[in-house]
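Asker: Here is my input; please provide its structure:
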Amino acid sequence: MKDTQKVNSRKFNSADGNIKPVCVAPHELEEDLSGESDTNSVEDYEAELEFVEDFDNLKIVDKSLKKNLKKVDAKFKTEGKQGKNEGKGEIKKKMPFEYIKRKPEEMDFDLELISKHPESGKFIQKTGKVVYILEIKHSRCAVGHLRKCAEGAEEAKRYAFFVPTDGRVPRMHIPLSECPVDLLTRPGDYSKVLFIAKIFKWTMIKSAIGSIVRSLGSEDNVDVLTIGMLIENDVPFDDFEEDVLKCLPETPWKIPEEEFAYRKDFRNQCVFTIDPSTARDLDDAVSCIPLGDDRYRIGVHIADVSFFVKENTPLDSAASHRGTSVYLVQKVVPMLPRLLCEQLCSLNPGEDRLAFSVEWVVNGEGDIEEEWFGRSVIKSCAKLAYEHAQSIIENPGKNDWAQNELPEIQKPFTIHDVCGVVTNLQKIACSLRQRRHAYGALRLDLPRIGWTLDRETGMPTGFRIYQLKDSNRLIEELMLLANMAVARKIYTTFPDVTLLRCHPPPQELMLQEVAQCLASIGIHVDTSSSGSLQNSLHRYYGVRSELPKLNPDDEDWAAVGRAIVMTNLIAKPMVVAKYISAGVKKEPSEFRHYALAVPLYTHFTSPIRRYPDLIVHRLLASSLGYCEKPRWDAKSLHKVAERCNDRKATAKMVGDLSSEMFLGLFIKTVGSIATRGVVLQVLDRSVDVVLLNSGLIKRVYMDKLPLKKLTHESQCGIGTLTLVWDNGPNLTDLVQVLTIFSMVEVRLEEGESALKFSAILVKPETLE
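Answerer: Residues are numbered from 1 along each chain as shown. You can find the predicted model right below:
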């Protein structure tokens with residue numbers, strides 16, 4: 001290795017505080033240090049170790065590396081003595097630890113040279129230091145309980161102690177003047193009462209000074225927990241302000257006559273919606289007219305929300321602030337007032353509605369011959385649920401539909417008309433999907449839970465894995481087609497002020513580690529592109545691109561579990577898709593959507609529930625000459641995109657929390673639940689398990705199990721736990737080995753805190 005002093009490049013000193021390199025040893029280095037490979041000499045590894053600066057802050061991925069380094073130390077001691085005074089071949093007596101532990105200010109290193117190392121990405125981690133907070137995104141609010149301070153503590157005379165339910169938020173000292181007057185004398189009365197507290201001063205590491213915002217109520221109440229969850233995550237859920245409501249049209253409302261003059265009229269076509277059965281905000285409809293010779297005119301019709309939500313109005317500001325509708329198990333927090341999202345904008349059957357439409361002429365192979373964009377007027381003839389459309393797809397020749405099998409069809413159209421449209425659209429959607437996958441699209445389906453609620457109480461009566469069916473994919477394919485078409489149109493017209501949806505490539509190092517982990521157990525995954533990754537999954541899933549169906553009567557649960565774990569592992573390195581302002585990006589390659597394998601993509605099809613779609617509607621209207629060019633610039637659009645990214649991430653997190661909360665409530669109601677699971681990750685004293693009855697991932701701890709012995713090992717990045725169960729004095733010990741893909745039985749039990757639950761590993765002999 002070259003002496004770093006002789007390389008003509010910039011030097012960095014760790015004392016500057018600007019850069020702190022962290023060494024993470026690759027597995028190849030670990031193997032060599034353990035003596036399992038003789039490709040490198042000890043001198044070579046002394047040079048490798050010289051890259052490490054500030055050993056006190058060294059982060060090592062595998063604990064066994066420290067043991068290996070100690071072996072090298074011993075080797076240095078022994079061979080150093082043997083090699084003394086043997087000329088140029090002498091091994092230095094200075095031990096690696098001694099060298100590494102030199103004071104940071106005594107060490108210079110060449111960052112440019114280090115970055116050229118072929119394996120630098122594996123053992124150097126870029127780190128930084130917070131120097132300024134530009135924007136406070138966390139609400140600084142937390143849900144939790146009030147407790148008395150410890151007896152005799154100095155602060156007990158002035159403060160109570162607030163303990164958040166979220167362990168990531170610091171505990172707070174709350175002035176007693178803000179607490180219930182009898183908290184100190186009757187603390188038990190408040191043991192299950194939830195409060196909202198907000199941090200206003202945080203100078204100590206372990207705790208902050210806070211203030212009580214409000215009392216929520218009992219922790220056993222779902223509505224109380226939901227409100228707390230929304231406040232804690234800064235989700236606006238209060239009624240809309242008066243100035244916002246003044247922007248709404250007066251009711252009863254009908255389409256102004258002047259709108260018919262320039263809009264295309266689809267009211268004489270068979271147009272209808274396909275949505276979840278409980279949906280109220282119907283923002284997309286479809287149509288299909290056969291043209292002969294295996295050619296079709298298909299249409300996607302989206303609610304024209306931009307007609308009602310004018311730019312720079314209080315209504316627009318409120319929608320922008322909310323960013324998205326938030327879907328909880330028992331209710332929806334809407335982005336727009338319900339007059340719009342459930343009535344005037346919603347494409348309800350039998351009602352004239354304003355829309356923005358995209359039409360194509362396509363053939364049965366999915367080739368697009370013509371394309372048209374424009375504002376329109378439609379009248380949906382039916383509100384189909386996915387279950388209705390699925391029945392039509394599965395029974396293409398059926399004519400004798402019972403009255404209760406399909407919803408009411410508005411005249412002059414008939415069930416036969418609707419069935420014909422669904423059948424033709426299904427054929428086209430299959431062709432479009434095959435074409436996308438041929439071009440390298442990737443689909444990673446992760447299981448999600450669906451709920452059945454009591455109509456009167458709103459309490460959960462059951463849950464299941466939500467299965468995506470052909471009817472779901474039909475609509476998905478048409479929406480993707482519309483979003484891609486609109487993205488091309490608006491970017492071509494306004495390249496500097498266009499809002500796009502990009503999906504960056506996955507984290508390369510992390511994806512390689514997953515591939516190496518799977519390869520070590522005989523599963524070979526090609527990670528070179530999204531298409532090759534999808535093809536690799538096909539080899540294990542079969543010809544279809546989605547997960548195998550989770551059927552409780554299916555005997556091959558192991559195959560289902562392996563598929564779910566593989567999908568979870570491959571999903572981990574994936575970067576979250578995000579909205580971007582095209583004008584702030586330097587290269588068009590930054591617009592690309594990795595999973596869809598397309599250069600341009602945006603969101604156009606859900607303006608009732610997503611603010612970015614509303615912006616895209618305005619861009620499309622301007623590109624077609626319906627209105628003036630957008631007044632915003634690239635930087636201001638970037639700020640809007642960032643806020644929408646934050647809101648979307650929050651909405652997903654809150655939705656997931658809502659599902660977990662309802663599962664906790666269900667377990668509390670029915671008692672413990674036994675379920676199968678599959679091991680996703682093995683840690684020192686716990687495993688992460690995918691629950692096959694819900695798709696949720698729970699950490700299962702071993703600490704409280706009746707075990708005689710617990711051993712953890714790790715090889716090639718794959719952990720193994722060996723459990724020796726206590727079988728009593730007269731029986732042979734029961735040994736259970738847990739590693740990735742291991743099938744286990746777990747018992748879900750009520751947790752210690754409100755509506756939480758824990759997963760307990762069941763002893764193998766009790767499996768049925």
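Asker: Now do the helices for the stretch 401-550 of the chain: every range, in order, please.
Answerer: 415-438, 470-493, 508-519, 530-541 (DSSP state H, counting those that start in this stretch).
Asker: Just name the most buried of those.
Answerer: helix 470-493 (a mean of 21; mean count of other Cβ atoms under 10 Å). All C-beta atoms are positioned from the backbone trio N, CA, C, and that covers glycine.
Asker: That one vs helix 415-438, what angle?
Answerer: In terms of direction (axes from the mean of the first three to the mean of the last three Cα atoms, to 10 degrees), helix 470-493 departs from helix 415-438 by 60 degrees.
Asker: Give me the mean pLDDT for helix 470-493.
Answerer: Here helix 470-493 scores 97 as its mean pLDDT.
Asker: between the helices of the stretch 401-550 of the chain, which one is nearest to residue 453?
Answerer: Checking the helices of the stretch 401-550 of the chain against residue 453 by Cβ to Cβ gives helix 470-493 as the closest, at 20.9 Å.
Asker: could the helices of the stretch 401-550 of the chain be laid out in a markdown table, adding distance to residue 174?
Answerer: Below are the helices of the stretch 401-550 of the chain laid out as a markdown table (distance: least, Cβ to Cβ, whole Å):
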| stretch | distance to residue 174 |
| --- | --- |
| helix 415-438 | 55 |
| helix 470-493 | 48 |
| helix 508-519 | 41 |
| helix 530-541 | 51 |
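Asker: Please identify which of these is closest to residue 173.
Answerer: The closest of these to residue 173 is helix 508-519. By Cβ to Cβ, the value is 39.9 Å.
Asker: tell me which strands and helices the closest one is in contact with?
Answerer: helix 120-123, helix 557-571 (3 or more Cβ pairs under 8 Å, 6 or more residues apart in numbering; DSSP states H and E).
Asker: So for residue 61, what's the pLDDT?
Answerer: Residue 61 is given a pLDDT of 37.
Asker: Over to residue 496?
Answerer: pLDDT recorded at residue 496 is 92.
Asker: The nearest residue to residue 322 once chain neighbours are set aside and residue 215: what is the separation?
Answerer: Leaving aside its chain neighbours, residue 322 sits nearest to residue 335 (4.7 Å; criterion: Cβ to Cβ, 6 or more residues apart in numbering). From residue 335 over to residue 215 the distance is 29 Å, taken as Cβ to Cβ, to the nearest Å.
Asker: neighbour count winner among the two?
Answerer: Between residue 335 and residue 215, counted using other Cβ atoms under 10 Å, residue 335 has the larger neighbour count: 29 against 14.
Asker: Surely that one touches residue 321?
Answerer: No. Judged on Cβ atoms under 8 Å, residue 335 makes no contact with residue 321 at a distance of 9.4 Å.
Asker: Report whether the residue nearest to residue 322 is found in a strand, as I expect.
Answerer: No. Counting by DSSP: H, G, I helix; E, B strand; the rest coil, residue 335 is not part of a strand but coil.
Asker: Bridged to residue 353, which residues?
Answerer: Residues in a beta bridge with residue 353, per DSSP bridges, are residue 378.
Asker: correct me, but it touches residue 380?
Answerer: Yes. Using Cβ under 8 Å, residue 353 is in contact with residue 380, at 7.2 Å.
Asker: picking up where we left off before, closest one to residue 222 among the helices of the stretch 401-550 of the chain?
Answerer: When those are compared (using Cβ to Cβ), the closest one is helix 470-493, at 28.2 Å.
Asker: Tell me how far that closest one lies from the chain's centre.
Answerer: Distance, stretch centre to chain centre, for helix 470-493: 21 Å (Cα atoms, centre = their mean, to the nearest Å).
Asker: on that earlier part again, between residue 353 and residue 380, what contacts are shared?
Answerer: Counting by Cβ atoms under 8 Å, 6 or more residues apart in numbering, the shared contacts of residue 353 and residue 380 are residue 347.
Asker: of the helices of the stretch 401-550 of the chain, which approaches residue 679 most closely?
Answerer: Closest approach to residue 679 among these (Cβ to Cβ): helix 508-519, 13.0 Å.
Asker: mind giving me CSV with the helices and strands packed on helix 508-519 and columns for mean neighbour count and distance to residue 243?
Answerer: Output for the helices and strands packed on helix 508-519, formatted as CSV (neighbours: other Cβ atoms under 10 Å; distance: least, Cβ to Cβ, whole Å):
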stretch, mean neighbour count, distance to residue 243
helix 120-123, 16, 53
helix 557-571, 20, 43
